[in-house]
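> Mind looking at a prediction? Sequence and model below.
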Amino acid sequence: MVYYNLIIEMYAKGISQAAVSKALGISEKSLHHKLYGREAFLEHEVSYISELFPHLTIEYLFNEKNKRP
């Protein structure tokens, strides 16, 4: 499952994968794997990422369909 919505929103807000991976304490490669469905996001990672986008729901950000609320 690719998290297109999350990727698009990060890009739109100017949030780099490097910044998110650093804040989560993981490598950029690991974040890339999570964004593209090769690894699962942990609960605390989802929580942190959702705080970056308070106007969007977790369901939207972590949905495989590219549909804005």
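Here it is on my side, so go on. Owing to the predicted nature of the structure, the values given are computational and were not obtained by experimental measurement.

> use CA for all of it now, contacts and neighbours both
Fine.

> And the helices in this structure?
Using DSSP state H, the helices of the chain run over residues 4-13, 17-24, 28-35, 43-52, 58-61.

> export these to CSV and tack on mean pLDDT and mean neighbour count?
Conversion of these to CSV gives the following (pLDDT from 0 to 100; neighbours: other CA atoms under 10 Å):
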stretch, mean pLDDT, mean neighbour count
helix 4-13, 95, 16
helix 17-24, 97, 15
helix 28-35, 97, 17
helix 43-52, 97, 14
helix 58-61, 94, 18
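
> end-to-end on stretch 15-35?
Chord length of stretch 15-35, first to last residue, is 14 Å (CA to CA, to the nearest Å).

> contacts for that stretch?
With contacts defined as CA atoms under 8 Å, 6 or more residues apart in numbering, stretch 15-35 is touched by 2-3, 6-7, 10, 39-41, 45, 48-49.

> so can I have a markdown table of those showing distance to residue 62?
A markdown table is the format used below for those (distance: CA to CA, whole Å):
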| residue | distance to residue 62 |
| --- | --- |
| 2 | 9 |
| 3 | 6 |
| 6 | 7 |
| 7 | 10 |
| 10 | 12 |
| 39 | 13 |
| 40 | 11 |
| 41 | 10 |
| 45 | 12 |
| 48 | 13 |
| 49 | 10 |
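
> Give me the local confidence score for residue 63.
According to the prediction, residue 63 has pLDDT 87.

> I misspoke; the intended subject was residue 1.
Value listed for residue 1 in the pLDDT field: 84.

> Kindly tell me how buried it is, as a neighbour count.
Residues near residue 1, counting by other CA atoms under 10 Å, number 14.

> tell me the contacts of the closest residue to it other than its chain neighbours?
Distances taken as CA to CA, 6 or more residues apart in numbering place residue 37 nearest to residue 1, at 4.6 Å, with adjacent residues excluded. Residues in contact with residue 37 (CA under 8 Å, 6+ apart) are 1-3.
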